[in-house]
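**Q** with the input below, show me the fold.
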Amino acid sequence: MIHTLRRMVVAVQGAVCALVLLFASSTANAMTPEEATGFITTLVDTAVNDVIGAKVPAKQKEERFRQLFIEAADIPGIAAFVVGREWRTASPEQKTQFIRLFEDVSILTWISHLEEYQGIKIEVIGAYADKSDIFVESSVASQNGKPIPIVWRVQARQNNTMKLIDVVIEANSMLINTRKQYASVMKREGGLAGLMASLEKMRTDLRSGKNAQ
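**A** Reported below is the predicted structural model:
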């Protein structure tokens, strides 16, 4: 159950999932805990009701989730953070290609585990402020009856929109974990080009129905 939740959050990287962003691309504005709580509640409800539980074809669910993911997260900012120092020397073409790969793999991974999320219930408990960020606390019931804590880190932007910048499950930051995993792949496979090749293969596998982890 815990592994399922982690895959889900990585996929939204900021939605029920996964969806996440510590690399902020603009100065944050003031925001109340109530506003952040409303943002997360709406995000969760939309993912659960309009995507996971929706009685529509799989392709339509993928399209709905893609729209939710794009609206909820600053995908270029996420990409810059998870790649790390190599992002500074990447060409504009590499950055554009990587952002698309990252978006596709996140969405397709989430969709490939769709059946595992059926019936999931996330209870939003409350929120607290820390400087420019709001931390929205929630929990998911586990099979052993002990709630699994999920904390959503939210930040307001200059255009008065809110963005999910990280999701922490049982004290594990999904964004930090992704950055570490990608660093390992880049070290093993030869930098950003090697990481992109790995993501391209993962995207192909996911589209062909293989259960890429």
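**Q** every contact and neighbour count from this point should use C-alpha atoms.
**A** Noted.
**Q** where along this protein do the helices fall?
**A** Assigned by DSSP state H, the helices in the chain fall at 2-12, 33-46, 58-72, 75-83, 92-112, 174-189, 191-207.
**Q** among those helices, which comes closest to Ser142?
**A** Proximity to Ser142 (C-alpha to C-alpha) singles out helix 2-12 among these, at 7.9 Å.
**Q** quick revisit: need the helices of the chain in a markdown table (columns: mean neighbour count and mean pLDDT).
**A** Below are the helices of the chain laid out as a markdown table (neighbours: other C-alpha atoms under 10 Å; pLDDT from 0 to 100):
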| stretch | mean neighbour count | mean pLDDT |
| --- | --- | --- |
| helix 2-12 | 21 | 46 |
| helix 33-46 | 18 | 93 |
| helix 58-72 | 17 | 89 |
| helix 75-83 | 21 | 88 |
| helix 92-112 | 19 | 91 |
| helix 174-189 | 17 | 95 |
| helix 191-207 | 18 | 95 |
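**Q** tell me which of the ones you listed lies nearest to Ser138.
**A** helix 33-46 (9.5 Å).
**Q** contacts for the closest one next, please.
**A** Residues from elsewhere that reach helix 33-46 (C-alpha atoms under 8 Å, 6 or more residues apart in numbering): 15-16, 72, 122, 124, 126-129, 134-136, 152, 154-155, 162.
**Q** ok, back up a step: in TSV: the helices of the chain, plus distance to Ile148.
**A** Output for those, formatted as TSV (distance: least, C-alpha to C-alpha, whole Å):
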stretch	distance to Ile148
helix 2-12	8
helix 33-46	16
helix 58-72	23
helix 75-83	25
helix 92-112	19
helix 174-189	15
helix 191-207	28
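**Q** quick one: closest of the ones you listed to Pro147.
**A** Taking those one by one with C-alpha to C-alpha, helix 2-12 is closest: 10.6 Å.
**Q** ok, back up a step: just the contacts of helix 33-46 now: which is nearest Met186?
**A** Ala15 (26.3 Å).
**Q** burial check on Asp137, number of neighbours?
**A** Just so we're on the same page, residue 137 is Glu rather than Asp. Applying other C-alpha atoms under 10 Å, we find 19 residues neighbouring Glu137.
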